[in-house]
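Enquirer: fold the following and give me the result.
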Amino acid sequence: MHLEKQEFYNLIKNFEFKKLFNQLGWDHSKVKPFPISVKDKIYDLTAIVDKRDFLIFICDSNIDNKIPSKEERRKIDRELTKLFQEHLIIYIDKNRSQQLWQLSIKEPNKPVQYKEFQYFSTQQPELLFQKLRNLLFTLDEEEKISILDVKLRVSEQFSLNAEKVTKKFYDKFKKEHSAFRKFIDGIEDQLELDWYTSLMLNRLMFIYFIQKKGFLDSNTNYLREKLTLSMKKKGKDKFYKSFYKNFLLVLFHEGFNKPKHSKDLQNEIGKIPYLNGGLFDVHQIEQENKNINIKDEAFKKLFDFFDEYTWHLDIRENASGNEINPDVIGYIFEKYINDRAAMGAYYTKEDITEYISKNTIILFLFDRVLEKVKNAFTGENSVWNLLKENPDRYIYDAVKHGIYHQDSVIASEAKQSPSTVIASEERAKQSQNTVISTEGRNLNIRPLPKEIQQGINPEIQNRIVKDVENNPPQLLELRKEWNKPAPPEFGLPTEIWREVVERRQRFFEIRQKIENGEINKIEDFVTYNLNIRQFVQDVIEQYEGSDLIEAFYDAITQITILDPTCGSGAFLFAALNILEPLYEACLERMRAFVEYDNEKGTGKKFTKFRKVLDDIELHPNEKYFIYKSIILRNLYGVDIMNEAVEIAKLRLFLKLVAEVEPDPNEDNFGLEPLPDIDFNIRAGNTLVGYATEKELNDGLSWSFDFGGDKEKIQEKIETVALAYKRYKENQLEGNEDSFASFKNAKDELRKRLIELNNELNDLLAKDYGITNKKKEKKKYEDWLKSHKPFHWFAEFYEIINGNGGFDVVIGNPPYLEVRQINYQPNSLRTFDSGAVHNMCIERSLQILSSIGNISMIVPLALVCTQRMTIVQNLLENNKIVWYSNFAWRPGKLFENVNRALTIFVSNYSKVSCVYNTNYIKWSSDTRDDVFPNISFTPWNEKRTSFWVPKLGSKIEEKILKKVLKTDKTISHLLTNHSTNRVYYRTTGGLYWKIFTNFSPKFYINGKKGKSSRETFFTVNEKNKDIICIAILSSDLFWWWYTVTSNLRDLNPSDIQGFKFPSSVLEDSSLLNTGKEYLNDLELNSTMLTRIQKQTGKTKTQSFKIALSKPIIDEIDKILAEHYGFTEEELDFIINYDIKYRMGKELNGEDDE
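Expert: So this is what the prediction gives:
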């Protein structure tokens, strides 16, 4: 099959869509036409073709000869999605003069995005041809394609997909960075040389992007040609020094950095836009080092590297793998900065930054709106009705997978008739049955296979385990198939049936709560892990009241978001991507209200909306202005690395420029100057400096004239704050035309800030023993260089003092110990914990508003080590806190980093509440399903220990309560005066822990020895060692260890704190089973030989514990009687972590 361009043009112009798609290999659809009602208007939808249940509809407008409005189109799509999940709609008018093609893109865990393309019959449909010609399906493909293949192919043509960066580019980039550095002369300080190298590469890469878009003299090869012309002057022009001196600095400082260009300058550099933004301003390194020069060879070599790739500002799929876009550069910069820093920082992927950002930012926005518009959240018109009307819309696809017969809730019924669908929906809504009976609803639920369903038996599940020797538990037998892999129509990749059943039960429970109206707080979206971004988008787009839109707009434009260790800006980008669609949605709703009032009302209502919209009209590009406003008003960052700060700013600039198409006929190519964000994103040490007024007052205690000095400094701080406020407003109001005053304002602000910082640094230095700066000049300068003080109270006075702090703090602080840094933070309570990330959390809480939200990703130790209790207390005081915990094997959140992690979300609340997850494990190829399937369990019991229990379900909560109620701990058995030893290893063992009553064999270079990881404890009575080993070898103890420990070390406290009933100690069957286990353990052991550089050849007795699992299960059955576990609780314990402990990837693996 092949479709010629002219034939395609004719079919589109004649509106012969069915014939068009039939020629592209699509099938005839059997779905009958049906109407959809929107705002008392009826729109007829006709399915013209189908490919594997992906349908293409025609929406024929028979009303006023108009294509439905944007708001109406989205409502039509939402209604249609309830019936057919995957579809494309072609809207046509009555006169057949225009078409509008609409595709809703459903990216995992994000709000639906709408891609629309409009065509008028007077045009040539070239753009549609480029997109649709790739929707061809050949006969050879027919047997192989699925709905996922069709969905992917359509989405690729209509959406903008981020390309994965190649390792080749990153490796070469590092080499070119090092090579370029060697060509720079005139900078003595090595750190400044690194900084300037990065600055130059940033500038040049930015230019490469904008030249390829046509912004530079309409020449897509601008830099290369200018270099060639410049080098021809070498030897001919006595004033010629270098391409850098004679051309680039002129281009940077005079061209991009000034709005007016003389004729001579324009002859030299051509027609280029004024950019502003600070990127091309005279840099402080250039001010301090007047003799900088860079050899021409540096640029030739660098441009050769750049020219190996295609540079573009939009983000599109490319099969060749040689295209570079801003997302790729973002990844490169993240990797480069973290590799360069070697400071405990890691590349943070988008799923992490998005999760952290949405669950703090959106909750804060909702709380502010709730304060102003309480009526929107109660009564029959409550925003929560959106949730009840369409529960599945807000449950992530990964959670719903395999529950319905198709991806659609009732797609198969829709093919019968619309009336059947509506009746079925009504029955589903009216049903108020329990979670279990939900499976019986007319929701086209896919029933579980009989051999799996038989394991769901409430009567047996709730039966208490008793007399296991004569009355063996039945549930284990009924669920014997549950540990097998589930087929793809039921399970996500790698899921076993046990996980499928658990996920289905969670789905039905959440859906029931939604239908019952129990989910009625925005915090519930975090607790039940619902699609919060989709919900807030829908609330703004669909709620009828203008007061809610105004409240949201105010909240969005006023929120202040900080990353205190921002690196190259990953979290700032995530925040930008959260806010932008909400900002745009508010503007769309404002227009709708104003237009309605103009048509139906007085034309005088909505004064504020009209003012906002009028202001936007002053700007050439609305989306650019939205991004610019967010960057200037909402985003703030600090990092100790100067290079990182430069890169963060560059990435934001690229995001802005990507929104503008150059127009040589427009003033400045139609490009509004970039925002200058030198004062939003700053270099400095988050942990050193005056963060609050109290800290400043403490510093002033050195002063002989406390009152006078405080007043003087306070006056300077307020002057700086006012200057900054005016400077920011000036940019947003578009007054940059007054270039001289604009630059003067910036210079004045910078000058006053330097003066203020000098004074505060002098004051702070006294805390570090430097009392006389003049006499101790070298010591003072070294201190400034190593500590890089940053005074939050002064630098962000308007926010810290005026707003009470930042509204949201997000980030990924460095995972370092105090001994690894060359500076000492001042006045932080968490200093004694020894962890730098703890101090970053404390500092963040100091500069966070009292009603603000904070979220970070940190090491797992936060929830399970003694030294972290101080941070737990800080985070949980008057907060709702959600802890989610992630393993590092088999999959890991940070590439090549073997570290377990915790994400905490701590949001303001009048009542403290703590939620936690289990210890989440996954394989690397299933990472996309990790965050959608996060499940929280509350734990608000009074904690008597330092750990927050890592619980993933109500069953775990019940088990833990039963364990904690028992009367003995292992510590009761310990003594220093006994030969009854229990041996174990302090580290190692990712899936099993080994306890024996003998020292495992160990030889080093042929001589008998003892492993450095081995230790022991002694118990007070004979045979109690066997009982103790049986208890500690149980699945129950493995569960306890996972729930309470750091899962890296086996500490004495992990063992001694385990609780059990005293009756266990007298159980002869447990003693006998413990002996059987130890015999089996030794029988299955082998000697493992290793050759290591430092220690030489070692032989270690290695234990295949998985082979003894049946005996361990018998131990757990005996223990279940003593604890009073139900059969369901016993089944959970015996099969806890079973996929990873007994999975095929672990078969034969030893305890190492």
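Enquirer: quick one: the strands in the stretch 301-450 of the chain?
Expert: Taking DSSP state E, counting those that start in this stretch as the criterion, the stretch 301-450 of the chain contains strands spanning 310-311, 323-324.
Enquirer: quick one: closest of those strands to P673.
Expert: Closest to P673 of the strands of the stretch 301-450 of the chain is strand 310-311 (CB to CB; 21.9 Å). In this view, the C-beta of every residue, glycine as well, is placed from N, C-alpha and C.
Enquirer: surely I1134 touches E477?
Expert: No: at 11.9 Å, I1134 does not count as touching E477 under the criterion of CB atoms under 8 Å.
Enquirer: the two: which is more packed in?
Expert: I1134 (24 against 11; other CB atoms under 10 Å).
Enquirer: what is the least confident helix or strand in this protein?
Expert: Each helix and strand of the chain was given a mean pLDDT (mean pLDDT, DSSP states H and E); the minimum falls on helix 418-430 at a mean of 31.
Enquirer: so for the next helix or strand after that helix, mean pLDDT?
Expert: Past helix 418-430, heading to the C-terminal end, the next element that is a helix or strand (DSSP states H and E) is helix 450-453. Helix 450-453 comes out with an average pLDDT of 98.
Enquirer: so what does helix 450-453 touch, helix or strand wise?
Expert: Taking 3 or more CB pairs under 8 Å, 6 or more residues apart in numbering; DSSP states H and E as the contact definition, the neighbouring helices and strands of helix 450-453 are helix 497-515.
Enquirer: pLDDT of the helix it packs on, averaged?
Expert: Averaging pLDDT along helix 497-515 yields 97.
Enquirer: which residues touch P68?
Expert: Each residue near P68 by CB atoms under 8 Å, 6 or more residues apart in numbering is listed here: V38, K41, Y43, C59, S61, I76, Y91.
Enquirer: among these, which are in strands?
Expert: Restricting those to those inside strands, with DSSP state E as the criterion, leaves V38, K41, Y43, C59, Y91.
Enquirer: which among these end up buried?
Expert: Of all those considered here, the ones buried according to neighbour count by 16 or more other CB atoms under 10 Å are V38, Y43, C59, Y91.
Enquirer: how about the closest residue to K605 other than its chain neighbours, secondary structure?
Expert: Sequence neighbours aside, D597 is the residue nearest to K605 in space, at 4.6 Å (criterion: CB to CB, 6 or more residues apart in numbering). For D597, the secondary-structure state derived from DSSP: H, G, I helix; E, B strand; the rest coil is helix.
Enquirer: distance-wise, check D597 relative to E957.
Expert: 54 Å (CB to CB, to the nearest Å).
Enquirer: ends of stretch 677-689, what's the gap?
Expert: Distance between the two ends of stretch 677-689: 21 Å, counting by CA to CA, to the nearest Å.
Enquirer: chain center to it: distance?
Expert: 23 Å (CA atoms, centre = their mean, to the nearest Å).
Enquirer: what's A585 sitting at in phi/psi?
Expert: In terms of degrees, to the nearest 10, the main-chain angles of A585 are phi -60, psi -40.
Enquirer: hang on, it packs against E541?
Expert: Yes: in terms of CB under 8 Å, A585 counts as a neighbour of E541; the distance is 5.4 Å.
Enquirer: so who does D925 touch?
Expert: Under the criterion of CB under 8 Å, 6+ apart, the contact partners of D925 comprise P493, T494.
Enquirer: give me the three-state assignment for it.
Expert: Here D925 is recorded as helix under three-state DSSP.
Enquirer: next structured bit after the one helix or strand K19 maps to?
Expert: Following DSSP H and E, one finds K19 within helix 17-23. Going down the chain from helix 17-23, the next helix or strand is strand 27-28, by DSSP H and E.
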